[in-house]
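> pasting the structure only:
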Ligand SMILES: [Mn+2]
């Protein structure tokens, strides 16, 4: 994969010109958006800039064992910054802060992403839709900029790659992905920490929530694997919405399913929906767009108003 050098150079010029930088991770943060954020912050700090990492949602506890992931803020004063960067955020809604501070996308806003549905909402956009992760894009940017990959940076880049490829199980796991993973390991990436964070760090409440969701799963007559999590499930297990992260992969492993759907009640009265498929001939991005969402061909999501109701099957009751 080759980085468009004109955009890469323009981004670096913006970095050099900036003094105070705010880097945004997408709502419902995952290791790809968090890792991308922190590596950019590191190199900007090394360039003498003041940098803040922000995400509208709290970072899930399971990711917080990775260095600096606990340092994200959930709000900021836009007047304090002269450069804004969003990483791995496929839309304004995902970046979210532009809803509150519309002026930030109008001045100096760099949008680095790999979602095919990315709207190109920045003033400078680097969207590489064939890249397996945002950290894949940033790794190649660093190579182009001749940035030294320290073990700290290698770990965070690999973290995003691990997550977005489903630990090298999704179909986006190509030779370039494995090559990048291999190079990062050579450069000192802490694979053990990544595995611990992704697989061996679940609370008992989280596993009980997953248990309830899996117990009530259905495979519809059109072979869609559906799981749903209601407010009652959250209350009964004392689990949080962040605890759902990773559950969709289990739902998606159902034999014979065309795609998987995970619905969850949100605190703000909306329903979050996620789609996953392993099939090449199913486009769940198009499916999510029907509900005003978006994402990748094989992994997408949406948010709608309504309530989840269990009758004979899971259904959404509109308001
Ligand atoms: Mn990503």
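On my side now, so go ahead. Note that the structure is a prediction, hence the values are computed from the model and not measured.

> When you work out contacts or count neighbours from here on, use the C-alpha atoms and nothing else.
Noted.

> Up against the ion, what does the chain have?
32, 133 (Cα under 5 Å from the ion).

> any weak-confidence spans in the chain?
Along the chain, segments meeting pLDDT under 70 span 312, 317-319.

> State which helix of it is the longest.
Looking across the chain with DSSP state H, the single longest helix is helix 31-46.

> helix or strand right after it?
strand 50-55 (DSSP states H and E).

> Can you name the residue of the stretch 151-300 of the chain nearest the ion?
residue 164 (5.6 Å; Cα to the ion).

> and the residue lying closest to that residue once chain neighbours are set aside, what does it touch?
With sequence-adjacent residues excluded and distances taken as Cα to Cα, 6 or more residues apart in numbering, residue 164 is closest to residue 133, at 5.7 Å. Listed by Cα atoms under 8 Å, 6 or more residues apart in numbering, the contact set of residue 133 reads 32, 88, 114, 160, 161, 164, 165.

> what would those look like in TSV with neighbour count and secondary structure?
Shown next, in TSV, are these (neighbours: other Cα atoms under 10 Å; DSSP: H, G, I helix; E, B strand; the rest coil):
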residue	neighbour count	secondary structure
32	25	helix
88	29	coil
114	25	coil
160	25	helix
161	28	helix
164	24	helix
165	17	coil
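
> Can you tell me which of these is nearest residue 60?
Using Cα to Cα, residue 32 comes nearest to residue 60 of these, at 13.1 Å.

> hang on, the closest one packs against residue 166?
No - checked against Cα atoms under 8 Å, the pair residue 32 and residue 166 is beyond contact range at 11.3 Å.

> For residue 49, which non-adjacent residue is spatially closest?
Nearest non-adjacent residue to residue 49 (Cα to Cα, 6+ apart): residue 19, at 5.2 Å.

> count of neighbours near that neighbour?
For residue 19, the neighbour count with other Cα atoms under 10 Å is 18.

> quick one, phi/psi of it?
Backbone torsions of residue 19, given as degrees, to the nearest 10, read phi -110, psi -50.

> and the gap between it and residue 183?
For residue 19, the distance to residue 183 equals 32 Å [Cα to Cα, to the nearest Å].

> What residues does residue 266 make contact with?
Taking Cα under 8 Å, 6+ apart, one finds 231, 241, 272 in contact with residue 266.

> One more: residue 80?
residue 20.

> for residue 34, same thing?
Counting by Cα under 8 Å, 6+ apart, residue 34 has contacts 25, 69, 160.

> how about TSV for the residues you listed, with distance to residue 278 added?
Shown next, in TSV, are those (distance: Cα to Cα, whole Å):
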residue	distance to residue 278
25	26
69	30
160	20
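
> now the strands for the protein?
Secondary structure of the chain (DSSP state E): strands located at 20-25, 50-55, 83-87, 109-113, 124-127, 218-219, 224-229, 259-265, 270-276, 294-295, 299-305, 307-310, 314-317.

> and the fourth one with helix 31-46, angle?
Put plainly, it is strand 109-113. What separates the directions of strand 109-113 and helix 31-46 is an angle of 140 degrees, with axes from the mean of the first three to the mean of the last three Cα atoms, to 10 degrees.

> And for the third one?
Between strand 83-87 and helix 31-46, the angle formed by their directions is 150 degrees, by the same axes, to 10 degrees.

> now strand 83-87, how far from the centre of its chain.
Centre-to-centre, strand 83-87 and its host chain are 15 Å apart (Cα atoms, centre = their mean, to the nearest Å).

> And for residue 274, the neighbour number?
Neighbours of residue 274 using other Cα under 10 Å come to 22.

> what sits opposite the residue nearest to it when sequence neighbours are not counted in the beta ladder?
Spatial nearest neighbour of residue 274, excluding adjacent residues (Cα to Cα, 6+ apart): residue 301 at 4.2 Å. When assigned by DSSP bridges, residue 301 has beta-bridge partners residue 274, residue 294.

> where's the residue of the chain found nearest the ion relative to residue 181, distance?
Closest to the ion within the chain is residue 133: 4.5 Å, counting by Cα to the ion. For residue 133, the distance to residue 181 (Cα to Cα) stands at 12 Å.

> Please apply the same query to residue 120.
28 Å.

> more crowded one of the two?
Neighbours of residue 120 and residue 181, each counted by other Cα under 10 Å, are more numerous for residue 181; the result is 23 against 17.

> Near residue 187, how many other residues are there?
Neighbour count for residue 187, taken as other Cα under 10 Å: 17.

> residue contacts, it?
Applying Cα under 8 Å, 6+ apart, we find residue 187 in contact with 149, 150, 151, 154.

> what's the second one in contact with, if anything?
Contacts of residue 150 were listed using Cα under 8 Å, 6+ apart, and they are 187, 188.

> Perfect, I'm done here.
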